[in-house]
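> A predicted structure for the sequence below; I have some questions about it.
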Amino acid sequence: MKTNPFENPTIVSPEKWLAARQELLREEKEFTRLGDRLAARRRKLPWVKMTKAYVFDAPDGKVTLADLFEGRSQLMVQHFMLGPGWEQGCKSCSFMMDHFNPAVPHLKARDVAFAAISHAPLKEILPFKARMGWAVNWVSSHGTGFNQDFHVSFTEEEIKRGGVPYNYGKMDFPVTEAPGISVFARDAAGQVYHTYSTFGRGVEVVMTTYDLLDLVPKGRDEDPEATMSWLRHHDRYEQTADVAAAR
């Protein structure tokens, strides 16, 4: 059940507020140091050699996984939930892309290429990409086993049967496409390796709006039963407000 921080907030003197803030800062510093340790462990994970020859559909023709590096040694992939026949991309994955899109030039400056990969055919991806105004490399894995191998696409039969392989375990999943972020490395000889993937709430790493909301009194202010029900595609918020105002 959500609580309203504006109802009976604790009001104190500046001196008491400073003491409370300093106490919280100690915990924040501990959290930061823990994050640094986890990042170091993440970088030490072993690598898996990619032996399958994935070929994706791109606006300029066929490309391989190695091509997506664009001459760099590291590649970050967003597994974007846009399945064959969908009218539009997942709003949560779109929320992710809204954060990835401006970060791409900065990633490239640090030897990291970026690509979004979706299961839908390219002809269904490009209109949605244009609508959203994203300037990212986005390719289609349609007709390949890439999404299935990374456990971000499932058949209707698998969904009905239950217990699909997702987030390093078995779980019931409501739709045939799932979100994730995967990282790859390419050595001097051109060999590609899988180094890391994160799924579920792990993809919040790119959703920095959540980090900002965590700073304000109301926090994320989400429905506990449907946490992202407030979310819209970035070109639909005004439309939602207009509908609400008309009621």
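Done, it's in. Quick caveat: nothing in here was measured; it's all calculated off a predicted structure.
> Now the helix or strand encompassing residue 102: buried residues?
Taking DSSP states H and E as the criterion, residue 102 maps to helix 91-109. Buried residues in helix 91-109, counted by 16 or more other C-beta atoms under 10 Å: 91, 93, 94, 95, 96, 97, 98, 100, 101, 104, 107. The way it works is simple: take the backbone N, C-alpha and C, and place the C-beta from them, glycine included.
> between the next helix or strand after that helix and helix 91-109, how big is the angle?
Sequence-wise, the next helix or strand downstream of helix 91-109 (DSSP H and E) is strand 112-118. Relative orientation of strand 112-118 and helix 91-109, computed by axes from the mean of the first three to the mean of the last three C-alpha atoms, to 10 degrees: 160 degrees.
> Okay, residue 136 and residue 202: tell me how far apart.
20 Å (C-beta to C-beta, to the nearest Å).
> quick one on the thing from earlier: any chance of the buried residues of helix 91-109 in TSV with distance to residue 17 and pLDDT as columns?
TSV is the format used below for the buried residues of helix 91-109 (distance: C-beta to C-beta, whole Å; pLDDT from 0 to 100):
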residue	distance to residue 17	pLDDT
91	38	97
93	39	98
94	38	98
95	33	98
96	35	98
97	38	98
98	34	98
100	37	98
101	38	98
104	40	98
107	38	98
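> For the residue nearest the centre of the chain, give me its contacts.
Most central in the chain under C-alpha atoms, centre = their mean is residue 203, positioned 4.1 Å from the mean C-alpha point. By C-beta atoms under 8 Å, 6 or more residues apart in numbering, residue 203 lies in contact with 96, 179, 180, 181.
> let's see 10 Å
Residue 203 makes contact with 78, 79, 92, 93, 95, 96, 178, 179, 180, 181, according to C-beta atoms under 10 Å, 6 or more residues apart in numbering.
> Likewise for residue 16?
Neighbouring residues of residue 16 by C-beta under 10 Å, 6+ apart: residue 10.
> doesn't it fall inside a helix?
Yes: Residue 16 forms part of a helix when assessed by DSSP: H, G, I helix; E, B strand; the rest coil.
> separation between it and residue 27?
From residue 16 to residue 27 the distance is 18 Å (C-beta to C-beta).
> This completes my enquiry, with thanks.
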